[in-house]
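*Asks:* Below are the sequence and a predicted model; questions follow.
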Amino acid sequence: MRAAILAIGTELLGTDRLDTNSLRLTQSLETYGVPLVTKAVAGDDETQIAQTLDHLFTQADLLLVTGGLGPTADDVTRQAVARALRRDLCFDDDVATGIEAKFASFGMRMPQVNRRQAEVIDGATVLANPRGTAPGLRCDDERGTVFLFPGVPTELEGMIVADLEPWLAERSGGAGRERGMLKVASLPESTVEERIAPAYAELGRENVSVLAKAGEIRVQFWAAGAPAERRQRLAQMAARLRGLLGDAVFTDREDEDLAAVVGDLLRRRGESLASAESCTGGWLGRRITAVAGSSDYYPGGVVSYSNAVKEDFLGVPAALLAEHGAVSEPVAVAMAAGARERLGATYGIGITGVAGPGGGSEEKPVGTVHLALVGPPAAGARSEDAAGSALVEHRRVRFPGDRERVRWMSTQLALEMLRRHLLGVGSIAGEGNAEGRRSGAEAGVA
């Protein structure tokens, strides 16, 4: 069995809507070992959709179609699929009654346009949609099988679980393909590649891939076979790759980001974090507070964009700003210490830099960022400021890319600095240790 996905909607041909449904469908296909050979997007045009379906049937015998099942005039998927299959559309009274009852359960009268959703392709199996009004359809043809799903992601999810995956499981005989993942923060893709390269021969190069995005690398790996067999194999692959990547791995979960991992470490230790941000404009605080329950360990932060705010709210000495400038190690450290003291946190993070596109200089070009992490002084150490803070780590980096990329990667590196300190594994480049050694090395983190 070979599969193809067709996403329908004129909005998907523009610039403001992404086709995320295809990703979820692909996940199910991977789980049950069905190769996806192609994806396509078509606008709300009956002729175009029908022609695309005919073409896809030359490459695959399982077509998964999403979108265009609504009640409006531009929802023409049912008509187009019926045309491609050379079948008629029939009005289904039972489907219409079900849609009407759904509206009634919310105390509403069903608009007449919703009757269009009760049109069923001749010979198709109706797929219930408990999360919406548009039922799905499954049509078997001499060329293969077509599934029609609504385009609303929550509705699609319910029907994947209830209808598509049981259908795939029945035809796979229990065999399938499953994916594992390890995430690494703030290391270059080439560094990750070098570390895991020794495992390629034993794991199979085709079973491992390295995917890079700003400040994060994903190492993905696949195993095939019956469920118990492939899960055992995935566990072995994960252990081997973890052994090569070491403490660089921050999670093995698709839905977990670095902010959540750091938050969990702080909560378990009964510690807290305050932030002081300049060039990132509150982005670090936003990431931290996006995690449910972050009030347990994050009392707050200060967005100190101007020097006056740095002085008045964080206690950064005016003389320090005058001597070194706002984008400097001493100011980043003072910002972190000020946030820690004034918000009563265990740790403070300070970020100051030149995010661009303007504002750079020969000495401090666009992309230059200083990050500082301060915390309680190590046992027996001399306190470095009046707040009783000791410098845990400082980083001066120059990030490539536009303003958004610089800001995002700054928050990613700040979180990774704290994660490593909490675990006691030292700095990213290997300098320093968990007891508070300075690391002022230039670091080109990609």
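*Replies:* Yes, it's here.
*Asks:* Now do the strands in the stretch 101-250 of the chain.
*Replies:* In the stretch 101-250 of the chain, the strands defined using DSSP state E, counting those that start in this stretch lie at 119-121, 125-127, 136-141, 144-149, 176-185, 208-213, 216-225, 249-251.
*Asks:* can you tell which of the ones you listed is closest to M108?
*Replies:* strand 119-121 (21.2 Å; Cβ to Cβ). C-beta: built from backbone N, CA, C; applies to glycine.
*Asks:* quick one: average pLDDT of that closest one?
*Replies:* Confidence over strand 119-121, taken as the mean pLDDT, stands at 96.
*Asks:* Equivalent analysis for stretch 331-349, please.
*Replies:* 97.
*Asks:* Could you pull up phi and psi at D264?
*Replies:* For D264, the backbone dihedrals (degrees, to the nearest 10) come out as phi -70, psi -40.
*Asks:* Look up how far V392 lies from it.
*Replies:* Distance, D264 to V392, using Cβ to Cβ, to the nearest Å: 19 Å.
*Asks:* With R419 instead?
*Replies:* 12 Å.
*Asks:* Looking at those two, which one has more neighbours?
*Replies:* V392 (29 against 20; other Cβ atoms under 10 Å).
*Asks:* Tell me who's in contact with that one.
*Replies:* Residues in contact with V392, defined by Cβ atoms under 8 Å, 6 or more residues apart in numbering, are Y347, L373, V374, G375, M417, H421, G436.
*Asks:* low pLDDT regions in the stretch 151-300 of the chain?
*Replies:* By pLDDT under 70, the stretch 151-300 of the chain contains no weakly predicted segment.
*Asks:* which one of the strands of the stretch 101-250 of the chain has the most crowded surroundings?
*Replies:* strand 144-149 (a mean of 23; mean count of other Cβ atoms under 10 Å).
*Asks:* ok, that one: who's next to it in the sheet?
*Replies:* Using DSSP bridges, strand 144-149 pairs in its sheet with strand 62-66 (parallel), strand 136-141 (antiparallel).
*Asks:* so what pLDDT did A434 get?
*Replies:* If you check A434, the pLDDT there is 28.
*Asks:* S275 bridge partners, please.
*Replies:* S275 has the following beta-bridge partners by DSSP bridges: G301, I349.
*Asks:* How much space separates it from K183?
*Replies:* S275 is 22 Å from K183, by Cβ to Cβ.
*Asks:* picking that back up, right, so of the strands paired with strand 144-149, which gets closest to L89?
*Replies:* Distance to L89, taken as Cβ to Cβ, is lowest for strand 136-141 among the strands paired with strand 144-149, at 10.6 Å.
*Asks:* what about the closest one, distance to the chain center?
*Replies:* Centroid separation between strand 136-141 and its chain, computed with Cα atoms, centre = their mean, to the nearest Å, is 32 Å.
*Asks:* pLDDT on it, on average?
*Replies:* Regarding strand 136-141, the rounded mean pLDDT is 96.
*Asks:* closest one to R242 among the strands of the stretch 101-250 of the chain?
*Replies:* With Cβ to Cβ as the measure, strand 249-251 is the member of the strands of the stretch 101-250 of the chain nearest R242 (5.7 Å).
*Asks:* partner strands of the closest one, parallel or antiparallel?
*Replies:* Take DSSP bridges as the rule and strand 249-251 pairs in its sheet with strand 176-185 (antiparallel).
*Asks:* how big is the angle separating the strand it pairs with from strand 208-213?
*Replies:* Strand 176-185 and strand 208-213 are oriented at 40 degrees to each other (axes from the mean of the first three to the mean of the last three Cα atoms, to 10 degrees).
*Asks:* quick one, strand 176-185 and strand 216-225 angle?
*Replies:* Strand 176-185 and strand 216-225 meet at an angle of 160 degrees, taking the same axes, to 10 degrees as the criterion.
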